[in-house]
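*Asks:* need a structure here:
(2 chains)
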Amino acid sequence: MACRRRPVPGAAGDGRPLQGLAVTDELLVETAERVFAHACTFEAVRQAEEARWAAEIWEAAAAIGLPWISVPEEAGGAGGTVSDAVAVLQVAGRHAAPVPLAETGLLAGWLLAAAGLPVGEGPSTVVPGLPEDDLRLEGGRLTGTAHRVPWAGAAERIVALVDGQVVSATPGEAHLEPLANLAGEPRDTVVFDGAPVAAAPAPGGVDGGALRRRGALSRAALMAGALLAMAELTAGYAAQRQQFGRPVATFQAVQALLVRVAEEALLVDLAVQVAAREADRGDAAFEIAAAKILADEAARVATRAAHQAHGAMGMTREYPLQHLSRRLWSWRAEYGDASWPRRLGDEVKAAGPDALYRLIADGSRAAATA
Amino acid sequence: MLQRFKATELTGRERELQGEVRAFLDAELVPGTFEPGLGMASEVSREFSRKLGARGWLGMALPAEYGGGDRSAVERFVVVEELLRRGAPVDHHWTADRQSGPMINRFGTEDQKRRFLPAICRGELCFTIGMSEPDAGSDLAGVRTRAAKVDGGWELTGTKVWTSNAHNGDWAIVLCRTGEGGDRHEGLSQLIVDLHAPGVTISPITFLDGSPHFAEMSFERVFVGDDLLLGTEGQGWAQVTSELSFERAGPERWLSPYLVVEQFLREHGPSLGEEAVSFLGASVARWWGIRQVSLSVARLIDEGQAPSVQSAIGKDLGTQFEQEVMARLQTLVELEPSPGSQSLFERLLARALLVAPSWTIRGGTNEILRTVIAKGLR
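*Replies:* Model (predicted):
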């Protein structure tokens, strides 16, 4: 797959994704880790909440093409697979990176490339497509309201699926109502009133269901990273926090909490790895649903244990736990929470008892050969 | 940094094996012709055990020269999950295949291997584990069963309890004190004991579901020849620790309630409400995930590692999940289940409700495992 190099000094250096060389997954992950660890300091993440944009974090990621991984090179992306994009999102989640990484490439870039529209440069965002949205396209103009659009104000384009078309709109042509999720990440309401847009038909397979799946996979990946970071943060805190003359990690009741966070984090991490692998082979509807369900459960259970182990310290904005837990609580609800067990359950019910174990063991492959 | 699980999947060869096992069991275990068990707590069928042995599916990871298959942990996983999810009658050979055979292979003399392994691989022998005592459960180093040295062997005296399947057993591998050490972990040994020998008394302990699942084995100066010492005298603790440490995360740790759910779907499918449908979806998701963890651990074992922390994680996650499934299912089912019901679902549900508390206790009680895992997090 393509390897990212730093831009040649003297070149435009405008965040244009680079193409052309090969690198392994490990190198990609190491690079992403270095970039996000450096850029996503406690202060930077905190400030992003007030400023509603983290320019330096975005520039650092964009400079090496991270937001465009999985978008084909021919379309102006950085190339690479869905698994590569998911691996980078896991790193981003670890560091609570407050930028539209998933939106730019995996979601908007995918839609644009599929419809033959320009992927462009700079941050992109995507309309998740909630039931309360009412977008419609009339004579090349977009009207209606889109809800919970990530970083709509900072994005250079807002991409949506409307009436079987991929639509690319400019934020400047819309009215934005700034809102945020529980982690202070912008989730704006965007109102269009006859805004001129670029539009092209969405090919088969590029529909609301596919966007929902891809969105869910992106959230599960971010959550997997945040869960692992939370597990490590909690274990580290408990090992150094002393009470009654010893580290609180020596108390069995606290150990049980640490183990709870770690187990859920490791389970979700593995589930996301498998879902990403299958998403490179097919629609992976089963695996993505399962990974999101597990991530959503973990977001409840693991955050509770992590906060309990941290005591009062974890309840302040002066300490990094809440950068992770508030994101987990937010991302849990994005791209569906209660809907996934119901959807998967409908599939199970329809497949019937004789296919039940096959589904558990073979996932999408069982569904395909049923 | 936490050590992450690595995603793995079955190879072509492993899928072929899976296909063979599925076809064989589809033909052999026709629903309605046998009473299905709940995962590894199943019926005894010497005939079925022999049939599996004849197919080469017992002692799979044991060397071919002793009748084994020279196969991998993953290949064994493939066979075991198919057996357990159907409630196959595996009780007769289960312990022998899973633990005793591999222990004898690892620590046994050439004579012991030749004596026991081929018969284990043929599904002929029923082994039981002699570890727990009335005063030594989680704290296994507190065992008091002693073996005094006599001419040509040992004289074993003591009591073992919570032993599964002892009433059907041919042999027991008994952890006992053969010497005094400075440390209570020293001076322990393992003896292979003939359960039909004079001085052995087996008394059933009725399990919560009414089955004779458990027994107490008492040994009153039972003679055990020198040729039946397993491994090294005084090294019993290290041997037992290796036995318990990494074979913990297999399908038996998450398949106990599977048939209850499958049967629930079978008997109530058409009338399932939204809550039940969500329960199915959430349960299948977690089953899928935990199975991936379990498979990942098997792969680590085949790579030559001893993944004790990962195995403990797998066991803790799996067994807790088993109980959560039963807890949720209970709230969804408007039924007062009878163990003797005509409905298979009701019989399985009744039995599972009665025995579910044991799932997080057996095989290393979860509270202790969590201290092991916590150490591994540092």
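*Asks:* Please enumerate the helices of the chain.
*Replies:* All of this refers to chain A. A:25-39, A:42-51, A:55-63, A:82-94, A:101-102, A:110-115, A:208-240, A:252-279, A:285-310, A:321-333, A:339-351, A:356-362, A:364-369 (DSSP state H).
*Asks:* my bad, chain B
*Replies:* B:12-28, B:46-54, B:73-85, B:94-95, B:101-107, B:110-121, B:236-245, B:258-268, B:274-302, B:308-332, B:344-355, B:366-376.
*Asks:* quick revisit: the helices of chain A: lowest mean pLDDT?
*Replies:* Mean pLDDT is lowest for helix A:364-369 among the helices of chain A, at a mean of 77.
*Asks:* ok so, going back, closest one to B:Leu208 among the helices of chain A?
*Replies:* With distances scored as Cβ to Cβ, the stretch of those nearest to B:Leu208 is helix A:252-279 (25.4 Å). Every C-beta, even on glycine, is put in place using the N, C-alpha and C of the backbone.
*Asks:* Now do the spatially closest residue to A:Gly76 that is not a sequence neighbour, the pLDDT please.
*Replies:* Using Cβ to Cβ, 6 or more residues apart in numbering or on different chains and skipping the chain neighbours, the partner closest in space to A:Gly76 is A:Val119 (4.3 Å). Note on A:Val119: pLDDT of 97.
*Asks:* Settle this for me: A:Val119 is touching A:Ala75, isn't it.
*Replies:* Yes: under the criterion of Cβ atoms under 8 Å, A:Val119 makes contact with A:Ala75 at 5.3 Å.
*Asks:* Identify the contacts common to the two.
*Replies:* Shared contacts of A:Val119 and A:Ala75, defined by Cβ atoms under 8 Å, 6 or more residues apart in numbering or on different chains, comprise A:109, A:112-113.
*Asks:* What sits closest to B:Val108 if chain neighbours are left out?
*Replies:* Careful, residue B:108 is Gly; it's not Val. Nearest to B:Gly108 is B:Leu230, by Cβ to Cβ, 6+ apart, at 6.2 Å.
*Asks:* Bridge partners for that neighbour, pull those for me.
*Replies:* B:Leu230 has the following beta-bridge partners by DSSP bridges: B:Gln190.
*Asks:* Could you check how far B:Gly19 is from B:Gly59?
*Replies:* Per Cβ to Cβ, to the nearest Å, B:Gly19 is found 21 Å from B:Gly59.
*Asks:* neighbour count winner among these two?
*Replies:* Neighbour count, other Cβ atoms under 10 Å in any protein chain shown: between B:Gly19 and B:Gly59, B:Gly59 has more, with 30 against 11.
*Asks:* Distance of the more buried one relative to B:Gln239?
*Replies:* Noted for B:Gly59: a distance of 19 Å to B:Gln239, by Cβ to Cβ.
*Asks:* and the stretch 101-250 of chain A, which of its residues are near chain B?
*Replies:* A:228, A:231-232, A:235, A:239, A:249 (Cβ under 8 Å from any Cβ of the partner chain).
*Asks:* Most neighbours of all those residues, which one?
*Replies:* A:Ala231 (27 neighbours).
*Asks:* for that one, what are its contacts?
*Replies:* Here A:Ala231 is in contact with A:258, A:261-262, A:264-266, A:302, A:306, B:2, B:377 (criterion: Cβ under 8 Å, 6+ apart).
*Asks:* From those, pick the one nearest A:Trp340.
*Replies:* A:Glu264 (16.6 Å).
*Asks:* For the closest one, the count of nearby residues, please.
*Replies:* 26.
*Asks:* Compute the first-to-last residue distance for stretch B:251-266.
*Replies:* 22 Å (Cα to Cα, to the nearest Å).
*Asks:* Whether that stretch contacts chain A - can you check?
*Replies:* Yes: residues of stretch B:251-266 contacting chain A under Cβ under 8 Å from any Cβ: B:258, B:261-263, B:265-266.
*Asks:* Quick check: the farthest pair among those?
*Replies:* Across the residues of stretch B:251-266 next to chain A (Cβ to Cβ), the longest gap, 12.4 Å, separates B:Tyr258 and B:Arg266.
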